[in-house]
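**Q** The sequence isn't on hand, but the structure is:
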């Protein structure tokens, strides 16, 4: 079938699967589902379909396979690498109706969740039962569990608790050939065959559509202390990260924000923030646990660790509201930058001790290629988001020069043992850079795996490689 | 080439790669490397070769590929599923000369290690720098890091700290086609392409020979408290596991031992142990951390959680020696059973709350099939090792009836959401059961992955499936 247009007959087949109220070809829907949070990119699909469950998805996939129509799965569309963009048109498959928390099993510290559930909704349901699902990307109020699985999202808690993939026991997946499988078992350890579960996580919707997940949970630590430490030097803030971690304290967040990041975000949120002129960066540090005395001692150790640097007095959040405000500022940096200008977001990650050198290198490259960069992120993980602001750059500067600058940056992160994405994925927009990070033979193996799962190449084509 | 014998010419080629002192065809070597810790199985290879590094391994693999000779990689030979048995003869490739700890990077909390390093040797080197590598299979004093990676080994600390796969950042691997690759990057989070690292871990030497690993480490918790709790009912001991975990305390070990397990092991070690007649099982509980006061409070909570069960007074280890003795008993159960009789070891794993029912089911099945079982293991993970003792069983009973019993047991673990191996792998001896745990489509995908990596099927053939 010609993928330039879908026949009415094909649309009728989709309608038979989901009912007419869940198949959309109006231009408003195509526009809405033709974009995600990635830059200003829009690709219109031919049709948007919203199936109710794995069975309906399986039927859609089988139909698409028969006619070799591309299918692009989409969660909440909060991705930053364009993984949900229907770049080859065809079917945009939204998982938004798979929105049930099926069970939270307090006995086994497990939960079974559909992948269209909003991350924060699930987190709060777990906390209501005294259990904790730590991964919380900044977009947790709107992103879906499914997107988090597709990209193995992290977030601020990863420094202590790990990323999405560390909480997954088992996945229900609709394969690109239509079969519905479970990838593992509902157990904490599993040495039974190849790990299809971990292969699926982070595969960005190219190997299957994840429809259910069984998570392991941990007891919820009810107490925390949050502190914001202003540094006169951004490099020193990065160096302090290691000093903090060498105290033996394991912070539940250890976030870096350049001056612009925190100022733009506070302004975007209409929050007061009066920074001394010579503050270049902040660390936002959280410790959590069961015992406030112990946490106070931990916070004290953190304070001692940073007191040798050129800092202003840290701010200890002394109310729930103040904690929430600090976290709001951190979580909204991306939105704030976006509200200022079109931007590209790079997701650099290096061995943690390389952070101070990384920030120096970023500034060197941004001067060389004449762009403005706003840096922030999960310093405790060595994961720094670099927002490249378009500002007044010409079309040519934006599309060509910048790409050279990004290549130079990524060659650097790879050279020091890091890579080109820590938690956002390759998706569509990082594809030109993947060969910087991944060797030819490894890419060949990945392509062969893709072919084993998806012989017709219909699922999320033109992503990753 | 006929694999029934290898030509002298072929042996000469091996000698050219490693030098003559590392190629063995004498019967003593073939016998020694023809077995591991799995039951009483022996398969003689044609030749044993001990390469020095990835480059030599690559040359051996290329030679084997040219002549389609099977290659079976072997670490320390402590495996319990026969993963290192050269069942198709050919080349037995020992990694024992890859025994260097290349670096322990205190700044980044990372270590780079060759895979022929003994697990405990690496653990102690990390502790000497204040860092902690938690996975510690019972055989840690002799097993290799490479074997731990091949099976994604766990051990008692997994309940708090996770298993081997949770500490791996990056792997150097010689592929079955001879290329040497790195699978990831030296970073804490990575969303760059499919996760070849996690695919390799637990693949039991069928997808590549891992030659180096980059681990993440954590700060070493210097303090611990160890307690041994005697229960009058084995089911109650299993039930108490959940009661302990629901206190919010996160024990660093939560081990179950049936009466026979602890008695046989103490006798094997010549340690005094005078158990009241009606003790059916024990829990061995450890809590660890930085602060002894806090740990005492945790131990107190554990004690409260079990005090409602029918127990004898717990033993709190009050010296380093006593702690060591208790752990020695736990670690030597397997050896003790083996010294009594040939046995099969099953590695059942279920959602933790299913443990009490599992132990009841094991006893029902062992009565039905007329075998003696000794149960122990990582109760905190829902992972129970079931040693089936041969005793006086006839050849037929041992080889046929028992297999039916094992099938019944595995069907049960799978039916309650568990699987057939938690940390020992499928290897050779669990192959007849894999279809109980893994569906046809999943197996087909695994076979296709195997073919993508190993088109000639030379690497560790006849393992897993």
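**A** Yes, it's here. What you see is a predicted model, and the numbers here were worked out from it, not measured in a lab.

**Q** care to break chain A down by domain?
**A** Following automatic domain parsing, one finds the domains of chain A at A:8-97, A:101-219, A:223-333, A:341-440.

**Q** and the end-to-end length of the shortest one?
**A** Right, domain A:8-97. End-to-end distance for domain A:8-97, by Cα to Cα, to the nearest Å: 24 Å.

**Q** swap in the second one?
**A** Using Cα to Cα, the gap from the first to the last residue of domain A:101-219 comes to 18 Å.

**Q** Under a three-state scheme, what state does residue A:230 occupy?
**A** Reduced to three states with DSSP: H, G, I helix; E, B strand; the rest coil, the structure at residue A:230 is strand.

**Q** Does it touch residue A:276 like I think?
**A** Yes. Residue A:230 lies in contact with residue A:276 (Cβ atoms under 8 Å); the separation is 7.1 Å. From N, CA and C alone the C-beta is placed, and that goes for glycine too.

**Q** So between the two, which is more surrounded?
**A** residue A:230 (21 against 8; other Cβ atoms under 10 Å in any protein chain shown).

**Q** ok, what's across the strand from that one?
**A** Beta-bridge partners for residue A:230, by DSSP bridges, are residue A:282.

**Q** Just the pLDDT at the closest residue to residue A:68 other than its chain neighbours, thanks.
**A** Spatially, and ignoring its direct neighbours in sequence, residue A:68 is nearest to residue A:456 (5.6 Å; Cβ to Cβ, 6 or more residues apart in numbering or on different chains). Looking at residue A:456, its pLDDT stands at 98.

**Q** in terms of contact, does residue A:456 touch residue A:66 like I think?
**A** No. If you go by Cβ under 8 Å, residue A:456 and residue A:66 don't touch, sitting 9.4 Å apart.

**Q** number of nearby residues for the residue nearest to residue A:68?
**A** By the measure other Cβ under 10 Å, the count of residues near residue A:456 is 16.

**Q** Might you report the residue contacts of it?
**A** Contact partners of residue A:456, counting by Cβ atoms under 8 Å, 6 or more residues apart in numbering or on different chains, are A:65, A:68, A:176.

**Q** mind checking pLDDT for the second one?
**A** The reference is to residue A:68. With respect to pLDDT, residue A:68 has a value of 96.

**Q** okay, now it: neighbour count?
**A** Neighbours of residue A:68 under the rule other Cβ under 10 Å: 12.

**Q** who touches both of residue A:230 and residue A:276?
**A** Common neighbours of residue A:230 and residue A:276 (Cβ under 8 Å, 6+ apart) are residue A:312.

**Q** where does whatever residue of the stretch 1-150 of chain A ends up closest to chain B fall, phi/psi-wise?
**A** For the stretch 1-150 of chain A, the residue closest to chain B is residue A:107, as judged by Cβ to the nearest Cβ, at 3.9 Å. The phi and psi torsions at residue A:107 (degrees, to the nearest 10) take the values phi -60, psi -40.

**Q** Tell me the spacing between residue A:326 and residue A:7.
**A** Separation of residue A:326 from residue A:7 (Cβ to Cβ, to the nearest Å) stands at 54 Å.

**Q** Comparing these two, which residue is more hemmed in?
**A** Neighbour tally, residue A:326 and residue A:7, criterion other Cβ under 10 Å: the higher count belongs to residue A:326, 21 against 11.

**Q** any idea what that one is structurally, helix, strand or coil?
**A** Quick answer, by three-state DSSP: residue A:326 is helix.

**Q** Distance-wise, check it relative to residue A:334.
**A** For residue A:326 relative to residue A:334 (Cβ to Cβ), the value is 16 Å.

**Q** Thank you, goodbye.
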